[in-house]
Structure formats: C-alpha cells, structure tokens
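Participant: got a predicted structure here, sequence first:
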Amino acid sequence: MSAVTRGGGASRRRVPLADRRATGVLAPLVAAGVILGAWELTGLWINRILISSPQGVISSLYDMARQGTINGALWISVRELYLGLAIGLVAGVVLGVLVGRYPLLDAIFSPFFSVANATPLNVLIPLLILWVGISAQARVLFVVLISFFPVLLNTAGGLRNVSRGYVEVGQMLGLSEWRMLRSVILPGAMPYIFAGIRLGSALGVIGMIVGEMEVSNVGVGYLLNFYGEGFQTGDLLALVLIAALIGVLNVAVVRTVQKQWFRWIDAAR
Amino acid sequence: MTNDTRAAATAPATPPASTPARQTQVARDVVLEYAGVCKTFPGTERTVVALDQVTLGVRRGEFVSLVGPSGCGKTTLLRITNGLETADTGSLALEGKVLSSGSLDMSYVFQDINLLPWRSVVKNVELGLEARGVPKAERRERAMEMLAMVGLADVADSAPYTLSGGMQQRVGVARALVVRPKVLLMDEPFGQLDNFTREALQVEIAELWAKLGTTIVFVTHDVDEAIFLSDRIALFQPDPGRLTEVIDVDLPRPRSGYDVRADRRAIELRAHIVSHLGVGTRAAR
C-alpha cells in the first residue's frame, strides 16, 4: 500500500532508461566474454593448430597490422568488393525496376534470371578466368554476379507488390507513367529493394572471398588459403574476423541509410 | 442549362410539398450521366452481375448518395466513374463528353484512405497538383489552403501515419478537393471511423460541399448518413446490382443544426428507404 504513495514518485522497481540501455550493451558483452573464456580454455584439451585461441587471434591481428601483411590484401579486397557491389546493386535495382514494371521485359528476361539465380554461381569462375584471365576484373565481375540477382529479384518482386491502394491513388490523381513510377511505385517498393540490397551486400563479401580463393594470388581470400595451408590457425581466424566485420559493416551501413532517409519503412507498419 | 442552378442546388431549399419518392424531375444541367451501365465479374463459381443497366443523371452542385446493401454494385459504379474499372456496356458522360477511362476533372476519396507514408501530409495533398503541372509555389499554397479548410494546417509537415484515422481521412478529402474537381467521388469515406469521428466528418463534408459547390457522388450503406448529407438518394439492390429508385431528400439545409434521426420527415424517409431495401440493410453495416 504505502509503496504506491511513497514520496518522490521514483518507484524503486522501475529500471531507469539509462540502466536498460546499459543492459542492452552489457548482456551481449557478458555473453561474448563467457564464450571467449570458454574458447581460451579449450586449449587445455584441443590442439591449438585446430582452434587457436582468442589471444592467438588477437596477437595475429596485431602482428598483421604491424607488419603490414594485411594492409595490402585488405585494400585490394575492399576495393574490388565495393566496385563490384556498386555495379551489382545499381544494375540489380535498374533491371529489377524494368522487369518488375513492364510485363513484356518480365516475360523475356525472368526465366533466364530465375535459372541464373538458382545456379551456384561459382561454376562460372572458370569461364570468367577464360574471358578476363586471373585478374581483378574477374574478381569484380564475380562480386557483381553474386550480388546482382538477389537485388534484381527483390526489386522486381517489390514493384509487383506495391499496395494496390497506393497505385489507385496515383491512377485517380491522373499521374503519368513516369510520375507514377517515381512517386508511388518506387517508394512503395523500397522495403523490398532494401531487403535485396542488404542481401546483395552480404553476398558480395562471399563473392569477394570466393573470387580471391579461386582466382588470385592477392587479397584476403588468397591469404586465407595461404594461412590454411600453412596451419596458421590464429592468422586464419583473424582473417575470418575481418571478413565478418566487413559483412557486418555493410549491413549496418544499409540499415543506417534506411533509418536516416526512409524512416517511414519502419514507422508506417 | 443555366449557371444559377448551382445556387438553387446549394441554397437551403424549402421542402417541396409533393411526395419525395418517385419524383421525376426535368433534368437540369446534368453534369454526370450514366446510361445503361453494365458490369459483370466472371468467376469460377458463377458470374456476378455487379451492375445491370444503371441509368442516372447527377446535376451540377448536387449531393447524390448511392445506398444499398453489400454487393449491390454501388462501389463498382463509383470505380467505373473514375476509370478504376471499365463498364462492359453502357456509357458515362461528364458534361456531355463520353468518358472511357476516368477524367482529371473528377477525384476520389477511398474508404481505406491510402495516404502515401513516404510523403508528408502536405506533399500528399500536392500530388494531384504535381500531375497537373501546377508550379511548385502555387502547389504549396493551394495545398496549405485546402489543409486549412479541413483544419489540418498545423500538421502539414507531419508523416501521415502519425495522424488519427479521422485526420487521415480529412487529408484524403483535401487531396481529392485540391485539384478542384467538377465531381468528387466518395466511397464509404467514413466507414472505418468510430461513430463520433464519423459524425463530425459528416458535418464537415456538408459544410465543405455548401462552401465549394462541388458535385458529390457518395457511396454509403448508412441510411442516416445518406439522409443527412444528400439531395437525392439512389437506392441499389443486389443480384443483379441495379438502381431501383431515386428519392429526393426534401429536408431543409443546413442540417447540422438539428438531429436528422429525430426529424419527422427524416424518419419517414428512413422508413421508406429501409422498407425499400428490405431486411438485411442493417446487417450490412
């Protein structure tokens, strides 16, 4: 009874906002600590060559950074990745819009796109090598290929799924095709387009690594092969960490763009 | 075909002495004319005749309601009017010109409103003006003027999904009226609102109509709403969807000052409409 009326209004049971935020940061940190600790302990009964340790990975990272072995490889990889992504995402959105909006283009191209999307695209790597040699072009092309299809298919699907009600608003106001596309269809498809871009930019990292493992003697992918063959597990896992960080960074950037400029996507549903 | 019919239609007219039902008036300045409109929707189970030979003339400045139970084709007729559907046979003429696929001179208020969430309130209102090539400054000015008229000038820059349902539909009305349509088509515009909001909006739309003189064709299955708002009520019946009677609502205007449901004449009208539509009308609400 008295708890309700106790002075100050500051209920003792309610967790202040700052504390709740802290929990949101603290909980995963604690979890990570437990996992890393357990990993460190596995060294007691598992050969370090198979699993390394958190300490080993960190010292590998440090050495790589200090000796500069990673810098060159990372620079090459990232450059190829983002060049490939830029081409793949733009081409995917543009072609997705055309295929999603115009039934004739859909009828012509969609069977081809569906087959291509279902094909494991690394079968094309020998072909790419044949065409452009073991080169940066081949790796960029592979990133383009692997990021292109999910963006294309999501964009096309998004355009076909714009709420009928929005389209009818455009019709009743007498919008021209161009204005309809710009003011109704494209914004309406934006949630799907973003989903495609998120997927494409994550897959692009796979494209980059696979491309380098298969088609190069440079880059992060090549180093992965190199360390694997040399049983340098700590270095290997350091590279895995770096590759994961690139993927996470990509998705975070896409999310931030969506939150910043397309706030309605989350707010309106 | 004179211009002063507008005044005649919008001024608070004294009720005519004759019986309201089955009045055949000489068509004066018909702005929108349906002649023998038919529409069927082929289905796998059976073909639905949504509209069977609908003929109706809507006069300039008039407020006409299309009333009937679900499936009577009233919404289909409204959608055909604005080119959202096409009639199988029959014709539709706006100011004597036969239309095939809608017209920039008409606009539509949807039951489910459908404000574009990626545009602010005022940008939603401006969209129709963009389509008509109105310059930017004038667009903003007219949109703001319209928003002020529906009492929403202060939320012009808000996102539409932050507004209540009633406010959203006011924006829907502003969006339709800002292009200065010759005919405003409203498809159960207050159907999704709660009772209090609905009644407030009924009063507002009656005032806007009196002020702007826009011809309004209004679909509803709420008999009281139709009586409160309309000059004439077109009664529809389903299976096949057809127009069975047009009645004059000879109540004085403005009507917001008194309770239409308690007015003796209104009660008579209501009884007539309900008996005409038969059982099931209430259930359709």
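Facilitator: Yes, it's here.

Participant: would residue A:199 count as being in a strand?
Facilitator: No: assessed with DSSP: H, G, I helix; E, B strand; the rest coil, residue A:199 is helix; it does not lie in a strand.

Participant: residues near it, how many?
Facilitator: A count of nearby residues for residue A:199, using other CB atoms under 10 Å in any protein chain shown, gives 18. (Each C-beta comes from the backbone N, C-alpha and C, glycine too.)

Participant: just to check, it is in contact with residue A:154?
Facilitator: Yes: contact status for residue A:199 versus residue A:154: in contact at 6.9 Å, counting by CB atoms under 8 Å.

Participant: next structured bit after the helix or strand bottoming out on mean pLDDT in chain A?
Facilitator: The helix or strand of chain A with the poorest confidence is helix A:2-5; it has a mean of 43 (mean pLDDT, DSSP states H and E). Sequence order places helix A:17-42 as the next helix or strand after helix A:2-5, per DSSP states H and E.

Participant: which SSE is immediately downstream of that following helix?
Facilitator: Assignment by DSSP H and E places the next element after helix A:17-42 at helix A:48-51.

Participant: and that next one, how far out from the chain middle?
Facilitator: 29 Å (CA atoms, centre = their mean, to the nearest Å).

Participant: that helix packs against which elements?
Facilitator: helix A:233-261 (3 or more CB pairs under 8 Å, 6 or more residues apart in numbering or on different chains; DSSP states H and E).

Participant: on the three-state scheme, the residue nearest the centre of chain B is what?
Facilitator: By CA atoms, centre = their mean, chain B has its centre lying nearest to residue B:218, at 2.1 Å. Put simply, residue B:218 is strand when judged by three-state DSSP.

Participant: what sits against it?
Facilitator: B:63, B:64, B:65, B:66, B:186, B:189, B:226, B:229, B:230 (CB atoms under 8 Å, 6 or more residues apart in numbering or on different chains).

Participant: tell me how far it lies from chain A.
Facilitator: 16 Å (CB to the nearest CB, to the nearest Å).

Participant: quick check: the spatially closest residue to residue B:232 that is not a sequence neighbour vs residue B:234, distance?
Facilitator: Of all residues not flanking residue B:232 in the chain, residue B:64 sits nearest, at 5.1 Å (CB to CB, 6 or more residues apart in numbering or on different chains). For residue B:64, the distance to residue B:234 (CB to CB, to the nearest Å) stands at 6 Å.

Participant: between these two, which contacts overlap?
Facilitator: Common neighbours of residue B:64 and residue B:234, using CB under 8 Å, 6+ apart, are residue B:56.

Participant: could you list the low-pLDDT ranges of the chain?
Facilitator: Using chain A. Flagging of chain A using pLDDT under 70 yields the residue ranges A:1-15, A:18, A:269.

Participant: think we crossed wires, I meant chain B
Facilitator: Ranges of chain B meeting pLDDT under 70: B:1-28, B:257-258, B:279-285.

Participant: show me which residues of it are close to chain A?
Facilitator: B:82-84, B:102, B:104, B:107-108, B:110, B:112, B:114, B:116-119, B:127-128, B:130-132, B:159, B:161, B:175-176, B:179 (CB under 8 Å from any CB of the partner chain).

Participant: buried only: go through those for me.
Facilitator: Using 16 or more other CB atoms under 10 Å in any protein chain shown as the burial test, those include B:82-84, B:102, B:107-108, B:110, B:114, B:116-119, B:127-128, B:130-131, B:159, B:175-176, B:179 as buried.

Participant: filter those residues down to the ones in strands?
Facilitator: Within these, residues falling in strands by DSSP state E are B:107, B:108.

Participant: next SSE after the host helix or strand of residue A:70?
Facilitator: Using DSSP H and E, residue A:70 falls within helix A:69-101. Going down the chain from helix A:69-101, the next helix or strand is helix A:103-118, by DSSP H and E.

Participant: quick one, helices of chain B?
Facilitator: Along chain B, counting by DSSP state H, helices occupy B:5-10, B:74-81, B:121-131, B:136-149, B:165-177, B:195-212, B:223-229, B:264-277.

Participant: of those helices, which is nearest residue B:36?
Facilitator: Closest of the helices of chain B to residue B:36 is helix B:74-81, at 12.4 Å (criterion: CB to CB).

Participant: list the buried ones in the closest one?
Facilitator: Those would be B:74, B:75, B:76, B:77, B:78, B:79, B:80, B:81, for helix B:74-81 by 16+ other CB under 10 Å.

Participant: please apply the same query to stretch A:250-266.
Facilitator: Within stretch A:250-266, the residues that count as buried by 16+ other CB under 10 Å are A:250, A:254, A:258, A:262, A:264, A:265.

Participant: next up, the contacts around the second one.
Facilitator: Right, the one you point to is residue A:254. Residue A:254 neighbours (CB under 8 Å, 6+ apart): A:194, A:197, A:198, A:201.

Participant: can you rerun that using 6 Å?
Facilitator: By CB atoms under 6 Å, 6 or more residues apart in numbering or on different chains, the residues touching residue A:254 are A:197, A:198, A:201.
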